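K.L.:
Provide a 3D model corresponding to the input given below.
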Amino acid sequence: MGGTGGVTEMAVTDSEALATLRRVFGYETFRGEQEAVIEHVVTGGDAVVLMPTGGGKSLCYQIPALVRPGTGIVVSPLIALMQDQVDALRALGVRAGFINSTQDFDERRVVEAEFLAGELDLLYLAPERLRVDATLDLLSRGKISVFAIDEAHCVSQWGHDFRPDYLTLSLLGERWPDVPRIALTATATHATHQEITQRLNMPQARHFVASFDRPNIQYRIVPKADPKKQLLAFLRAEHAGDAGIVYCLSRNSVEKTAEFLSANGIQAVPYHAGLDAGTRAAHQSRFLREDGLVVVATIAFGMGIDKPDVRFVAHLDLPKSVEGYYQETGRAGRDGLPSTAWMAYGLNDVIQQRKLIQSGEGDEAFRRRAAAHLDSMLALCETAACRRGQLLAYFGQDPQESGCGNCDTCLTPPETWDGTVAAQKVLSTVVRLQRERGQKFGAVQIIDILLGKRTGKVIQFDHDQLSVFGIGTELSEGEWRGVVRQLLAQGLLAVEGEYGTLVLTDASGAVLRAEREVPLRKEPKRPAASRSSSSASGRSKGKAAVAELPEHLLPAFEALRAWRAEQAREQGVPAYVIFHDATLREIVTAWPSSVDRLGTVGGVGEKKLATYGEGVIGVLESLAAPAGGADDHFGPGAGADPGPEPEPEPDDDWI
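P.N.:
Below is the predicted model:
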């Protein structure tokens, strides 16, 4: 392993990397781009790696750190999670440590001494530590095998998670030109990708871009009606007892949603920057260590969460960008099992986001870029085509022409209609108010006028005397809200001022003159939160981890989960640090009769075999032996078909 100093760079071979994968992580083969990335970095090359969450990015720097001489330095912004990341590596037998502001002087001194003595394989540092001369001096006195820059998209000032401290990381190449660097992220457009390369000063880096597709995630976006009740119905119907994350835009919304879910029998806790550090840490720790807990959070929560069994990510407010949305939804289904990305989206989301851009900080160029990000997000929400295809196209990848078959627009294709006349009615109302009365109003007043409602505000301003009053009774209020929302998304209406009044755009005239058609999506007649079971075909209700297990194996699976939970409690670590659910599924399917046989199961490396092997075999021996004979890899029961062999699920410190 790294740190011994006994291996020269030229002596490192592919077989060493593969042997390390098998010995430490318990997997027989690399997957995807892992092998090519590792080979390149092991031989001293720089790399920029774009891989989706769950793609095994962490192995791309962990294995080079283990086979190259010295200690791998991992730059990560995730201070609150470093302890868990280190615990997970130590459970694999990897000598890992971290230095950050949560430690006292004596704790830091111990880790520093281990680094200088060559007793660490991996050392995690927050980016701000590299602005401290003492840290740079420490690193200069040790042997470094590789620099890994985790969450590299944080260097992009136009990205969704900018961290100013990342701008200083180009100094790593300047001070240690002979140490390979690897920058990794789960999400980046072509522009962000180029910015990573430029700002980290990695012009000679080889670029590895894996597919951004996460086929196990079902993407669904529903019209917002009563979002908290829609969320509750969705959770009860499809994810009862599952762990998940619910994102809200404001702290107040986070608090109210968490209270609402808790009052309705869903275990939920809030997480936002307004809570004290102790409460945030406690809620994060519970989420990592407990089964079935829901965290309701602002986007401050989730980066770096290494919890493989998050079964859903829900948004009750519109994300600011597709990159942010992809990053947040990617926290679901890291174990490759069926998961859901669900969002409730409505007219007020569009108006609010437009207002935030106009009133926010930054110059005109920044506002233009923010508006472009929002436009792309709106296009994803309003598309009548495959959502996954739209998502992949945003990241520069070719979608499947036939659709993905696992998003709402593929499962239940939306109807479209010629909304040109409806659009003209909305735009005409805006024109009449402005030109005849010198007034500007928001969407509610526009719709009330179209519906012929004599509300107090309509009467106050004599809007019932307008020629457009009552010309829109063919549509319901909800349908008119959908029309206005889609006009905003298509740039045919704009939002102005702090009150969100509606105004025309340069493109509006062509519609009013009947020179441009306006295709619109039909609003569904009922909330999508009450979807029939057919819309979720192929998906299990409740625990996805057991969805593909025969019923007679479920008691063994649950027994192993109970044993794992006890081990995790005793050690004070999340359960997945012991074994992932995917590994437990493979164990009960194989039903090994000995510790040696257990070692052939994917995800069981040497250290875990030595630590937990007897315990796992003890649990299996306490249960009925499989009908087909022990070690029957077709599972208990003669001739049982286990289905396709699971893909390896390496422990991954990534989002």
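
K.L.:
contacts and neighbour counts: CA atoms only from here.
P.N.:
OK.

K.L.:
Give me the below-cutoff pLDDT ranges for the chain.
P.N.:
Applying pLDDT under 70 to the chain picks out residues 1-14, 157-161, 303-304, 525-548, 625-655.

K.L.:
At the geometric centre of this protein, which residue do we find?
P.N.:
In the chain, the centroid-proximal residue (Cα atoms, centre = their mean) is Gly330; its distance is 2.5 Å.

K.L.:
wait, that one sits on Gly55?
P.N.:
No: using Cα atoms under 8 Å, Gly330 makes no contact with Gly55, being 10.7 Å away.

K.L.:
before we move on, back to that, could you measure the spatially closest residue to the residue nearest to the centre of the chain that is not a sequence neighbour against Gln327, distance?
P.N.:
Nearest residue to Gly330, sequence neighbours excluded (Cα to Cα, 6 or more residues apart in numbering): Thr53, at 5.8 Å. Separation of Thr53 from Gln327 (Cα to Cα, to the nearest Å) stands at 8 Å.

K.L.:
Specify which residue of those two has the higher count of neighbours.
P.N.:
Between Thr53 and Gln327, counted using other Cα atoms under 10 Å, Thr53 has the larger neighbour count: 28 against 22.

K.L.:
Give me the distance between that one and Asp335.
P.N.:
Applying Cα to Cα, the value for Thr53 to Asp335 is 10 Å.

K.L.:
Put the alpha carbons of the host helix or strand of Ala365 into CSV.
P.N.:
Counting by DSSP states H and E, the element that carries Ala365 is helix 364-382. Provided in CSV are the C-alpha atoms of helix 364-382 (Å, rounded to 0.1, in the frame of the first residue of the first chain):
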residue,chain,number,x,y,z
GLU,A,364,-25.6,41.9,-15.9
ALA,A,365,-23.4,39.0,-17.2
PHE,A,366,-24.1,37.0,-14.1
ARG,A,367,-27.9,37.6,-14.4
ARG,A,368,-27.8,36.6,-18.0
ARG,A,369,-26.0,33.3,-17.1
ALA,A,370,-28.5,32.7,-14.3
ALA,A,371,-31.4,33.3,-16.6
ALA,A,372,-29.9,30.8,-19.1
HIS,A,373,-29.6,28.2,-16.4
LEU,A,374,-33.2,28.8,-15.4
ASP,A,375,-34.4,28.6,-19.0
SER,A,376,-32.7,25.1,-19.4
MET,A,377,-34.4,24.0,-16.1
LEU,A,378,-37.8,25.2,-17.4
ALA,A,379,-37.3,23.4,-20.7
LEU,A,380,-36.7,20.2,-18.8
CYS,A,381,-39.9,20.7,-16.8
GLU,A,382,-42.1,21.6,-19.8
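
K.L.:
got the angle for the next helix or strand after that helix vs helix 364-382?
P.N.:
Helices and strands here follow DSSP H and E; after helix 364-382, the next one along the chain is helix 387-394. Relative orientation of helix 387-394 versus helix 364-382 (axes from the mean of the first three to the mean of the last three Cα atoms, to 10 degrees): 150 degrees.

K.L.:
which secondary structure elements does the helix or strand following helix 387-394 contact?
P.N.:
Downstream of helix 387-394, the next assigned helix or strand under DSSP H and E is helix 408-411. If contacts are counted by 3 or more Cα pairs under 8 Å, 6 or more residues apart in numbering; DSSP states H and E, helix 408-411 sits against strand 217-223.

K.L.:
which residues sit against the strand it packs on?
P.N.:
If you take Cα atoms under 8 Å, 6 or more residues apart in numbering as the criterion, strand 217-223 is touched by 332-333, 338-346, 381, 387-388, 406-409, 523-524, 527-529.

K.L.:
Just want the angle from it to helix 387-394.
P.N.:
Strand 217-223 and helix 387-394 meet at an angle of 100 degrees, taking the same axes, to 10 degrees as the criterion.

K.L.:
CA atoms of strand 217-223 as PDB?
P.N.:
What follows is strand 217-223, C-alpha atoms only, in PDB (Å, rounded to 0.1, in the frame of the first residue of the first chain):
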ATOM      1  CA  ILE A 217     -33.700   6.700 -11.300                       C
ATOM      2  CA  GLN A 218     -37.200   7.400 -12.500                       C
ATOM      3  CA  TYR A 219     -37.600  11.200 -13.200                       C
ATOM      4  CA  ARG A 220     -41.000  12.600 -12.600                       C
ATOM      5  CA  ILE A 221     -42.300  16.200 -12.500                       C
ATOM      6  CA  VAL A 222     -45.900  16.900 -11.500                       C
ATOM      7  CA  PRO A 223     -48.000  20.100 -11.500                       C
END
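
K.L.:
three-state assignment of the residue nearest to Gly330?
P.N.:
Counting by DSSP: H, G, I helix; E, B strand; the rest coil, the backbone at Thr53 sits in coil.

K.L.:
how close does it get to Thr340?
P.N.:
Using Cα to Cα, Thr53 is found at 14 Å from Thr340.

K.L.:
Repeat that for Cys407.
P.N.:
9 Å.

K.L.:
what does Ile245 give?
P.N.:
According to Cα to Cα, Ile245 and Thr340 sit 11 Å apart.

K.L.:
where do the contact lists of the two overlap?
P.N.:
Phe312, Val313, Ala314.

K.L.:
And the second one, how far from Thr340?
P.N.:
Relative to Thr340, Val313 is positioned 6 Å away (criterion: Cα to Cα).

K.L.:
Likewise for the first one?
P.N.:
From Phe312 across to Thr340, the span is 5 Å (Cα to Cα).

K.L.:
Next, show the common contact partners of these two.
P.N.:
Ala332.

K.L.:
Quick one: the helices in the stretch 101-250 of the chain, in order.
P.N.:
Using DSSP state H, counting those that start in this stretch, the helices of the stretch 101-250 of the chain run over residues 105-116, 133-140, 171-175, 190-199, 227-238.

K.L.:
who wins for proximity to Gly599 among these?
P.N.:
With Cα to Cα, the closest approach to Gly599 among the helices of the stretch 101-250 of the chain belongs to helix 105-116: 30.5 Å.

K.L.:
helices or strands up against the closest one?
P.N.:
On a contact count with 3+ Cα pairs under 8 Å, 6+ apart, helix 105-116 meets strand 96-99.

K.L.:
Who are the packing partners of the strand it packs on?
P.N.:
Identification of packing neighbours for strand 96-99 by 3+ Cα pairs under 8 Å, 6+ apart yields helix 82-91, helix 105-116, strand 122-125.

K.L.:
can we see that at 6 Å?
P.N.:
strand 122-125 (3 or more Cα pairs under 6 Å, 6 or more residues apart in numbering; DSSP states H and E).

K.L.:
Thanks again, I'm all set now.
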